[in-house]
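1. No sequence on hand, only this structure:
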């Protein structure tokens, strides 16, 4: 089955570029990538809200998953009350000590108890904050790994998100073209959306220091070349209408300016 899938992918790529004319029209070809982030819970609990929907966009810091925190809220209220009483007792014993009507040890013990309760309350509030899982980046939800009502566990992925505002085209250049490219260089990137090619401006941000064999799903302008260099090209995923049409995994081709 894997061989059939690879053969099918190669056929798709071949059809794509044969439809565009001569392969010599482009200098390199590659696949678009993005930084993908796996979002996990930091504590266990029942998922009571899951607003991260596949295909939806989330803003940085936006609430995406909420874990049941009823017990933590009750514990917070109890500790807050205990801390209030401890502060009152500490203040009372301090006045007695200042008036030579109480011992310093009694005051120190009360003050220590106040500090311990303060730390315990901070820990509970930190856990409460972690029960509301927020998006770590602005981006699109690519895939969900949990459902509403399930039990979230620490370090178990809940969903995957990626920023598609800026994508990277990992393209492959032949040895003959390596002398024509440099970091920061602007290039023309073309993407086929089914109605002909759309052009984007790209900037070279990384050049591999070593050659590798041509990936099976990649074509080069010189089919005799079997060794290529990987180059990453940054492309802003926005057309003239402000639409984000380029998809992760889409093919793109490059022309050197």
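-> Perfect, I can see it now. Computed from a predicted model, the values in this text were never measured in an experiment. Numbers count the residues shown, from 1 in each chain.
2. okay, CA-based contacts and neighbour counts for the rest of this
-> Fine.
3. Poorly predicted segments of the protein, please.
-> Applying pLDDT under 70 to the chain picks out residues 1-24, 224.
4. repeat that with 50
-> Along the chain, segments meeting pLDDT under 50 span 1-23.
5. So in it, which helix runs the longest?
-> Taking DSSP state H as the criterion, the chain has its longest helix at helix 70-98.
6. what's the spacing between that one and its chain's center?
-> 41 Å (CA atoms, centre = their mean, to the nearest Å).
7. Give the buried residues for that helix.
-> 75-76, 79-80, 82-83, 86-87, 89-90, 93-94, 96-97 (16 or more other CA atoms under 10 Å).
8. Strands along the stretch 101-250 of the chain, start to end?
-> 132-134, 139-144, 151-152, 157-162, 166-174, 186-192, 197-207, 212-213, 227-236 (DSSP state E, counting those that start in this stretch).
9. Packing partners of the first one?
-> Packing contacts for strand 132-134, counted by 3 or more CA pairs under 8 Å, 6 or more residues apart in numbering; DSSP states H and E, involve strand 63-67.
10. and the strand it packs on, which strands flank it?
-> strand 45-50 (antiparallel), strand 132-134 (antiparallel) (DSSP bridges).
11. Isn't residue 208 up against residue 231?
-> Yes: assessed by CA atoms under 8 Å, residue 208 is found in contact with residue 231 at 6.1 Å.
12. Compare the two (neighbour count), which wins?
-> residue 231 (23 against 12; other CA atoms under 10 Å).
13. for stretch 41-49, how far is the first residue from the last?
-> For stretch 41-49, the first-to-last residue distance is 13 Å (CA to CA, to the nearest Å).
14. if you compare the strands of the stretch 101-250 of the chain, which one is most tucked away?
-> Of all the strands of the stretch 101-250 of the chain, strand 166-174 carries the top mean neighbour count, a mean of 24, counting by mean count of other CA atoms under 10 Å.
15. which residues touch that one?
-> Under the criterion CA atoms under 8 Å, 6 or more residues apart in numbering, residues 27-34, 214, 218, 220, 222, 225, 227-237, 248, 252-254 lie in contact with strand 166-174.
16. same deal with stretch 227-242?
-> 164-175, 178, 189, 200-214, 243-246.
17. what does stretch 122-138 give?
-> Contacts for stretch 122-138 (CA under 8 Å, 6+ apart): 39, 41-43, 57-69, 72-73, 75-76, 161-163.
18. Restricted to buried residues, select those in PyMOL.
-> PyMOL command restricting these to the buried ones, with burial defined by 16+ other CA under 10 Å:
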select buried, resi 39+41+57+58+62+63+64+65+66+67+68+69+75+76+161+162+163
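19. Could you find the closest non-adjacent residue to residue 235?
-> In space, and not counting its chain neighbours, residue 235 is closest to residue 202: 4.7 Å by CA to CA, 6 or more residues apart in numbering.
20. Pairing partners for the one you found in the sheet, please.
-> Applying DSSP bridges, one finds that residue 202 bridges with residue 187, residue 235.
21. Can you report phi and psi for the residue nearest the centre of the chain?
-> Nearest residue to the geometric centre of the chain (CA atoms, centre = their mean): residue 37, 2.8 Å. The phi and psi values for residue 37, taken as degrees, to the nearest 10, are phi -120, psi 130.
22. hang on, it packs against residue 161?
-> Yes: Residue 37 is in contact with residue 161 according to CA under 8 Å; the separation is 5.3 Å.
23. Which elements pack onto the longest helix of the chain?
-> helix 104-130.
24. Pull out the buried positions in the helix it packs on.
-> So, applying 16+ other CA under 10 Å, buried residues of helix 104-130: 107, 110-111, 113-114, 117-118, 120-121, 124-125, 127-128, 130.
25. again with stretch 175-189
-> Within stretch 175-189, the residues that qualify as buried are 181, 186, 187, 188, 189, counting by 16+ other CA under 10 Å.
26. from those residues, which single one is nearest residue 101?
-> residue 186 (80.6 Å; CA to CA).
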